[in-house]
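Novice: Sequence and computational prediction follow.
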Amino acid sequence: MNSPTTFPTKAEQKVQFENNKLEKRLCRQVGEAIGDYNMIEDGDKVMVCLSGGKDSYAMLDILLKLRERAPIHFDIVAVNLDQKQPGFPEQVLPAYLTELGVPFHIETQNTYSIVTRVIEEGKTTCGLCSRLRRGILYRVADELGATKIALGHHRDDILETFLLNLFYGGKLKAMPPKLVSDVKKHVVIRPLAYVQEKDLERYAQIKQFPIIPCNLCGSQENLQRQAMKTMLNEWDKKFTGRVENMFAAMSSVVPSHLLDGKLFDFKGLTVDTEVEQGDVAFDEEPCGTNSTEPLELNDLNTIRPQTIQFV
Ligand code: SF4
(Lines give C-alpha, C1' and ligand atoms only; values in the text may rest on other atoms or scores of the structure.)
Protein backbone atom coordinates (compact mmCIF):
# COMPACT_ATOMS: atom_id res chain seq x y z
CA MET A 1 0.00 0.00 0.00
CA ASN A 2 1.32 3.46 -0.89
CA SER A 3 1.98 5.73 2.08
CA PRO A 4 -0.19 8.86 2.10
CA THR A 5 1.44 11.95 0.52
CA THR A 6 2.13 14.69 3.06
CA PHE A 7 2.04 18.30 1.96
CA PRO A 8 4.04 21.03 3.70
CA THR A 9 2.03 23.24 6.02
CA LYS A 10 1.71 26.98 5.38
CA ALA A 11 4.30 27.66 8.06
CA GLU A 12 6.75 25.19 6.49
CA GLN A 13 6.20 26.72 3.06
CA LYS A 14 6.96 30.17 4.50
CA VAL A 15 10.19 28.94 6.09
CA GLN A 16 11.19 27.30 2.80
CA PHE A 17 10.41 30.51 0.91
CA GLU A 18 12.55 32.58 3.31
CA ASN A 19 15.41 30.08 3.10
CA ASN A 20 15.35 30.16 -0.71
CA LYS A 21 15.32 33.95 -0.61
CA LEU A 22 18.37 33.98 1.65
CA GLU A 23 20.25 31.56 -0.60
CA LYS A 24 19.44 33.67 -3.66
CA ARG A 25 20.55 36.84 -1.89
CA LEU A 26 23.85 35.29 -0.85
CA CYS A 27 24.50 34.00 -4.37
CA ARG A 28 23.64 37.41 -5.84
CA GLN A 29 25.86 39.33 -3.41
CA VAL A 30 28.81 36.98 -3.87
CA GLY A 31 28.33 37.08 -7.65
CA GLU A 32 28.25 40.88 -7.59
CA ALA A 33 31.39 41.15 -5.48
CA ILE A 34 33.23 38.72 -7.78
CA GLY A 35 32.12 40.72 -10.81
CA ASP A 36 32.75 44.18 -9.35
CA TYR A 37 36.34 43.38 -8.44
CA ASN A 38 37.10 40.79 -11.12
CA MET A 39 37.94 38.32 -8.38
CA ILE A 40 37.74 35.12 -10.42
CA GLU A 41 38.75 34.70 -14.05
CA ASP A 42 38.55 31.93 -16.59
CA GLY A 43 41.06 29.18 -15.79
CA ASP A 44 41.62 30.21 -12.16
CA LYS A 45 42.31 27.68 -9.46
CA VAL A 46 40.73 29.10 -6.32
CA MET A 47 42.10 27.96 -3.01
CA VAL A 48 39.20 28.30 -0.57
CA CYS A 49 40.52 28.65 2.95
CA LEU A 50 38.34 26.75 5.40
CA SER A 51 38.66 27.32 9.11
CA GLY A 52 35.60 25.33 10.10
CA GLY A 53 33.67 28.50 10.99
CA LYS A 54 30.31 29.50 9.52
CA ASP A 55 31.80 32.08 7.13
CA SER A 56 34.22 29.80 5.32
CA TYR A 57 31.68 26.96 5.06
CA ALA A 58 29.20 29.37 3.49
CA MET A 59 31.84 30.76 1.13
CA LEU A 60 32.69 27.29 -0.17
CA ASP A 61 29.04 26.34 -0.50
CA ILE A 62 28.14 29.46 -2.47
CA LEU A 63 31.23 29.36 -4.69
CA LEU A 64 30.34 25.77 -5.63
CA LYS A 65 26.82 26.88 -6.52
CA LEU A 66 28.03 29.84 -8.57
CA ARG A 67 30.56 27.69 -10.40
CA GLU A 68 27.77 25.47 -11.70
CA ARG A 69 26.20 28.36 -13.55
CA ALA A 70 29.27 30.52 -14.27
CA PRO A 71 30.05 31.28 -17.91
CA ILE A 72 33.73 30.69 -17.13
CA HIS A 73 35.62 27.65 -15.91
CA PHE A 74 37.46 27.69 -12.62
CA ASP A 75 38.65 25.04 -10.19
CA ILE A 76 38.17 24.97 -6.46
CA VAL A 77 40.42 23.38 -3.89
CA ALA A 78 39.54 23.63 -0.20
CA VAL A 79 42.39 24.05 2.26
CA ASN A 80 42.36 23.82 6.01
CA LEU A 81 45.31 24.64 8.19
CA ASP A 82 45.31 22.39 11.25
CA GLN A 83 47.28 24.49 13.73
CA LYS A 84 47.20 21.76 16.35
CA GLN A 85 45.10 23.71 18.74
CA PRO A 86 44.03 21.57 21.69
CA GLY A 87 40.80 19.75 21.01
CA PHE A 88 40.72 20.50 17.25
CA PRO A 89 38.41 17.84 15.79
CA GLU A 90 40.62 16.84 12.87
CA GLN A 91 38.13 14.47 11.25
CA VAL A 92 35.32 16.97 10.82
CA LEU A 93 36.53 18.83 7.72
CA PRO A 94 37.92 15.82 5.80
CA ALA A 95 34.64 13.96 6.38
CA TYR A 96 32.56 16.95 5.25
CA LEU A 97 34.69 17.65 2.16
CA THR A 98 34.87 14.00 1.14
CA GLU A 99 31.10 13.77 1.25
CA LEU A 100 30.82 16.97 -0.74
CA GLY A 101 33.23 15.62 -3.35
CA VAL A 102 35.47 18.69 -3.27
CA PRO A 103 39.24 18.30 -3.72
CA PHE A 104 40.92 19.36 -0.50
CA HIS A 105 44.18 19.58 1.33
CA ILE A 106 44.71 19.61 5.08
CA GLU A 107 47.96 21.28 6.04
CA THR A 108 49.15 20.32 9.49
CA GLN A 109 51.52 22.77 11.14
CA ASN A 110 51.84 23.12 14.87
CA THR A 111 51.79 26.92 15.03
CA TYR A 112 49.96 26.66 18.35
CA SER A 113 53.10 25.40 20.11
CA ILE A 114 55.24 28.13 18.49
CA VAL A 115 52.83 30.87 19.50
CA THR A 116 52.44 29.64 23.08
CA ARG A 117 56.22 29.28 23.42
CA VAL A 118 57.11 32.68 22.00
CA ILE A 119 54.35 34.90 23.39
CA GLU A 120 54.26 35.65 27.09
CA GLU A 121 51.26 34.26 28.93
CA GLY A 122 48.36 36.69 29.08
CA LYS A 123 49.50 38.62 25.98
CA THR A 124 47.49 38.42 22.75
CA THR A 125 48.69 35.72 20.41
CA CYS A 126 46.70 36.65 17.31
CA GLY A 127 49.36 38.84 15.66
CA LEU A 128 52.02 36.15 15.47
CA CYS A 129 49.47 33.39 14.84
CA SER A 130 48.01 35.17 11.80
CA ARG A 131 51.46 36.02 10.41
CA LEU A 132 52.48 32.36 10.62
CA ARG A 133 49.17 31.25 9.11
CA ARG A 134 49.47 33.71 6.23
CA GLY A 135 52.97 32.50 5.34
CA ILE A 136 51.87 28.87 5.41
CA LEU A 137 48.80 29.51 3.27
CA TYR A 138 50.89 31.35 0.65
CA ARG A 139 53.28 28.42 0.48
CA VAL A 140 50.44 25.91 0.19
CA ALA A 141 48.88 28.02 -2.58
CA ASP A 142 52.17 27.81 -4.49
CA GLU A 143 52.40 24.07 -3.98
CA LEU A 144 48.82 23.52 -5.15
CA GLY A 145 49.22 25.87 -8.11
CA ALA A 146 46.37 28.06 -6.86
CA THR A 147 45.96 31.37 -8.68
CA LYS A 148 43.59 32.94 -6.13
CA ILE A 149 43.32 32.57 -2.36
CA ALA A 150 39.76 33.08 -1.10
CA LEU A 151 39.18 34.22 2.48
CA GLY A 152 35.81 34.26 4.24
CA HIS A 153 35.73 37.83 5.58
CA HIS A 154 32.33 39.46 5.22
CA ARG A 155 30.80 42.94 5.18
CA ASP A 156 30.77 43.27 8.96
CA ASP A 157 34.45 42.30 9.23
CA ILE A 158 35.18 45.06 6.73
CA LEU A 159 33.14 47.64 8.64
CA GLU A 160 34.68 46.66 11.97
CA THR A 161 38.16 47.00 10.48
CA PHE A 162 37.21 50.38 9.04
CA LEU A 163 36.08 51.63 12.48
CA LEU A 164 39.12 50.17 14.25
CA ASN A 165 41.42 52.01 11.85
CA LEU A 166 39.39 55.18 12.21
CA PHE A 167 39.22 55.15 16.02
CA TYR A 168 42.59 53.65 16.93
CA GLY A 169 44.78 53.83 13.82
CA GLY A 170 44.08 57.36 12.54
CA LYS A 171 43.54 56.00 9.04
CA LEU A 172 40.66 55.79 6.59
CA LYS A 173 41.29 52.17 5.76
CA ALA A 174 39.30 48.96 5.78
CA MET A 175 39.84 45.44 4.45
CA PRO A 176 40.15 45.22 0.65
CA PRO A 177 37.98 42.83 -1.36
CA LYS A 178 41.04 41.92 -3.42
CA LEU A 179 44.72 42.37 -2.71
CA VAL A 180 48.14 41.26 -3.81
CA SER A 181 50.56 39.77 -1.28
CA ASP A 182 53.66 41.74 -0.32
CA VAL A 183 55.87 39.38 -2.32
CA LYS A 184 53.68 40.13 -5.38
CA LYS A 185 52.94 36.48 -5.97
CA HIS A 186 49.47 35.86 -4.60
CA VAL A 187 46.06 37.40 -5.24
CA VAL A 188 43.81 37.22 -2.20
CA ILE A 189 40.06 37.65 -2.68
CA ARG A 190 37.13 38.10 -0.29
CA PRO A 191 34.02 36.89 -2.13
CA LEU A 192 31.80 37.51 0.95
CA ALA A 193 32.67 41.22 0.98
CA TYR A 194 29.02 42.26 0.41
CA VAL A 195 27.44 39.66 2.70
CA GLN A 196 26.05 40.48 6.14
CA GLU A 197 27.16 38.35 9.06
CA LYS A 198 23.61 37.76 10.28
CA ASP A 199 22.77 36.19 6.91
CA LEU A 200 25.77 33.88 7.23
CA GLU A 201 24.67 32.86 10.72
CA ARG A 202 21.23 31.95 9.46
CA TYR A 203 22.59 30.17 6.38
CA ALA A 204 24.91 28.06 8.58
CA GLN A 205 21.93 27.02 10.70
CA ILE A 206 19.84 26.11 7.68
CA LYS A 207 22.67 24.13 6.10
CA GLN A 208 23.74 22.63 9.42
CA PHE A 209 27.41 23.06 8.69
CA PRO A 210 29.57 21.05 11.14
CA ILE A 211 30.98 24.15 12.83
CA ILE A 212 34.30 23.87 14.64
CA PRO A 213 34.50 26.21 17.65
CA CYS A 214 36.82 29.19 17.13
CA ASN A 215 38.06 29.51 20.73
CA LEU A 216 40.20 26.40 20.85
CA CYS A 217 43.43 28.36 20.99
CA GLY A 218 42.31 29.98 24.25
CA SER A 219 43.24 33.44 22.97
CA GLN A 220 41.10 36.26 24.29
CA GLU A 221 38.69 37.66 21.80
CA ASN A 222 39.88 40.97 20.41
CA LEU A 223 37.94 43.24 22.74
CA GLN A 224 38.18 46.35 20.56
CA ARG A 225 36.83 44.47 17.55
CA GLN A 226 34.06 43.05 19.69
CA ALA A 227 33.15 46.58 20.79
CA MET A 228 32.92 47.68 17.12
CA LYS A 229 30.68 44.71 16.38
CA THR A 230 28.38 45.57 19.29
CA MET A 231 28.19 49.20 18.18
CA LEU A 232 27.36 48.26 14.59
CA ASN A 233 24.67 45.82 15.77
CA GLU A 234 23.10 48.50 17.96
CA TRP A 235 23.12 51.02 15.11
CA ASP A 236 21.61 48.42 12.83
CA LYS A 237 18.69 47.99 15.24
CA LYS A 238 18.20 51.67 16.05
CA PHE A 239 18.92 53.51 12.81
CA THR A 240 17.55 52.04 9.61
CA GLY A 241 20.06 52.21 6.79
CA ARG A 242 22.99 53.61 8.78
CA VAL A 243 25.22 50.54 8.48
CA GLU A 244 24.31 50.09 4.80
CA ASN A 245 25.19 53.75 4.18
CA MET A 246 28.52 53.37 5.94
CA PHE A 247 29.32 50.40 3.76
CA ALA A 248 28.20 52.18 0.60
CA ALA A 249 30.40 55.14 1.55
CA MET A 250 33.47 52.94 1.24
CA SER A 251 32.95 52.59 -2.48
CA SER A 252 31.99 56.22 -2.95
CA VAL A 253 35.05 58.16 -1.86
CA VAL A 254 35.49 61.81 -2.82
CA PRO A 255 39.20 62.61 -2.37
CA SER A 256 38.71 66.31 -3.13
CA HIS A 257 36.51 66.56 -0.03
CA LEU A 258 38.94 64.90 2.34
CA LEU A 259 42.32 66.22 3.45
CA ASP A 260 44.81 63.83 1.93
CA GLY A 261 47.16 65.70 -0.41
CA LYS A 262 48.42 62.37 -1.78
CA LEU A 263 44.98 61.58 -3.20
CA PHE A 264 44.05 65.04 -4.42
CA ASP A 265 46.30 67.81 -5.63
CA PHE A 266 45.13 70.61 -3.34
CA LYS A 267 48.33 72.58 -3.95
CA GLY A 268 47.71 72.56 -7.69
CA LEU A 269 43.98 73.36 -7.33
CA THR A 270 42.91 76.40 -9.32
CA VAL A 271 39.61 77.80 -10.60
CA ASP A 272 40.14 75.75 -13.77
CA THR A 273 40.35 72.38 -12.00
CA GLU A 274 37.41 70.01 -12.53
CA VAL A 275 36.37 68.85 -9.06
CA GLU A 276 34.01 65.95 -8.48
CA GLN A 277 30.77 67.19 -6.83
CA GLY A 278 32.09 70.77 -6.88
CA ASP A 279 31.07 72.77 -3.82
CA VAL A 280 27.86 70.80 -3.17
CA ALA A 281 29.40 69.59 0.09
CA PHE A 282 28.95 73.08 1.57
CA ASP A 283 25.21 72.53 1.52
CA GLU A 284 25.26 69.11 3.09
CA GLU A 285 25.48 69.96 6.77
CA PRO A 286 23.88 67.58 9.23
CA CYS A 287 22.33 70.56 11.03
CA GLY A 288 21.12 72.19 7.80
CA THR A 289 18.47 70.80 5.49
CA ASN A 290 18.16 67.06 4.96
CA SER A 291 18.01 67.53 1.22
CA THR A 292 20.56 65.76 -0.91
CA GLU A 293 20.16 68.45 -3.57
CA PRO A 294 22.16 71.68 -3.63
CA LEU A 295 20.33 74.58 -2.00
CA GLU A 296 18.26 76.87 -4.22
CA LEU A 297 18.39 80.62 -3.78
CA ASN A 298 14.91 80.54 -2.16
CA ASP A 299 16.16 78.07 0.45
CA LEU A 300 19.04 80.38 1.26
CA ASN A 301 16.65 83.23 1.98
CA THR A 302 14.94 81.12 4.64
CA ILE A 303 18.13 80.10 6.43
CA ARG A 304 19.79 82.34 8.92
CA PRO A 305 23.40 83.06 7.87
CA GLN A 306 24.98 81.42 10.92
CA THR A 307 23.44 78.03 10.07
CA ILE A 308 25.58 77.75 6.94
CA GLN A 309 28.93 76.38 8.00
CA PHE A 310 31.83 76.34 5.57
CA VAL A 311 33.72 73.36 6.90
S1 SF4 B 1 42.07 33.58 17.78
FE2 SF4 B 1 43.59 31.95 18.10
S3 SF4 B 1 43.67 30.92 16.13
FE4 SF4 B 1 42.70 32.87 15.76
S5 SF4 B 1 44.37 34.24 15.20
FE6 SF4 B 1 44.10 34.45 17.40
S7 SF4 B 1 45.54 33.03 18.27
FE8 SF4 B 1 45.26 32.43 16.13
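Specialist: Done, it's in.
Novice: Can you report how many residues lie near the residue nearest to residue 172 when sequence neighbours are not counted?
Specialist: Leaving aside its chain neighbours, residue 172 sits nearest to residue 166 (6.7 Å; criterion: CB to CB, 6 or more residues apart in numbering). Just so you know, the C-beta spots here come from the backbone N, C-alpha and C atoms, and that holds for glycine as well. Burial measure for residue 166: 14 neighbouring residues, criterion other CB atoms under 10 Å.
Novice: Near the ligand, which residues of this structure? Just list them.
Specialist: Residues of the chain lying close to the ligand by CB under 6 Å from any ligand atom are 125-126, 129-130, 217, 219.
Novice: Can you tell me which of the residues you listed are buried?
Specialist: Buried members of the residues of the chain next to the ligand, counted by 16 or more other CB atoms under 10 Å: 125-126, 129, 217, 219.
Novice: With respect to residue 53, which of the residues you listed is nearest?
Specialist: Each of these was scored against residue 53 by CB to CB, and residue 217 proved nearest at 12.9 Å.
Novice: How about that closest one: what's its closest non-neighbour residue?
Specialist: Leaving aside its sequence neighbours, residue 217 is closest to residue 85 (4.8 Å, by CB to CB, 6+ apart).
Novice: Check residue 235 too.
Specialist: Once chain neighbours are set aside, the closest to residue 235 by CB to CB, 6+ apart is residue 242, at 4.9 Å.
Novice: returning to that earlier point: make TSV from the buried ones among the residues of the chain next to the ligand and add secondary structure and pLDDT to it.
Specialist: Supplementary listing: those in TSV, determined by DSSP: H, G, I helix; E, B strand; the rest coil; pLDDT from 0 to 100:
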residue	secondary structure	pLDDT
125	coil	85
126	helix	84
129	helix	90
217	coil	80
219	coil	76
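Novice: Most widely separated two among those residues?
Specialist: Of all pairs drawn from those, the one with the longest distance (CB to CB) is 126 and 217, at 8.7 Å.
Novice: quick one: contacts for residue 158?
Specialist: Residues in contact with residue 158, defined by CB atoms under 8 Å, 6 or more residues apart in numbering, are 174-175, 190, 193, 247, 250.
Novice: can you do 7 Å?
Specialist: Listed by CB atoms under 7 Å, 6 or more residues apart in numbering, the contact partners of residue 158 are 174-175, 193.
Novice: now residue 212
Specialist: For residue 212, the contacting residues are 52, 89, 92, taking CB under 7 Å, 6+ apart as the criterion.
Novice: Number of residues surrounding the last one?
Specialist: By the measure other CB under 10 Å, the count of residues near residue 92 is 15.
Novice: Can you show me the strands along the stretch 151-300 of the chain?
Specialist: Remark: strands assigned in the stretch 151-300 of the chain by DSSP state E, counting those that start in this stretch are 178-180, 187-189.
Novice: so what does the last one touch, helix or strand wise?
Specialist: Meaning strand 187-189. In terms of contacts (3 or more CB pairs under 7 Å, 6 or more residues apart in numbering; DSSP states H and E), strand 187-189 is packed against strand 148-150, strand 178-180.
Novice: same question, the first one
Specialist: Where contact means 3+ CB pairs under 7 Å, 6+ apart, strand 178-180 is packed against strand 187-189.
Novice: again, 10 Å this time
Specialist: helix 10-36, strand 187-189 (3 or more CB pairs under 10 Å, 6 or more residues apart in numbering; DSSP states H and E).
Novice: circling back: out of the contacts of residue 212, list just those in helices.
Specialist: For the contacts of residue 212, membership in helices holds for residue 92, with DSSP state H as the criterion.
Novice: Tabulate the contacts of residue 212 (TSV), appending distance to residue 207 and pLDDT.
Specialist: TSV is the format used below for these (distance: CB to CB, whole Å; pLDDT from 0 to 100):
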residue	distance to residue 207	pLDDT
52	14	96
89	18	95
92	15	97
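Novice: ok, the contacts of residue 212 vs the ligand, which is closest?
Specialist: For the contacts of residue 212, the residue nearest the ligand by CB to the nearest ligand atom is residue 52; the value is 11.0 Å.
Novice: tally of neighbours for that closest one?
Specialist: Number of residues near residue 52 (other CB under 10 Å) recorded here: 20.
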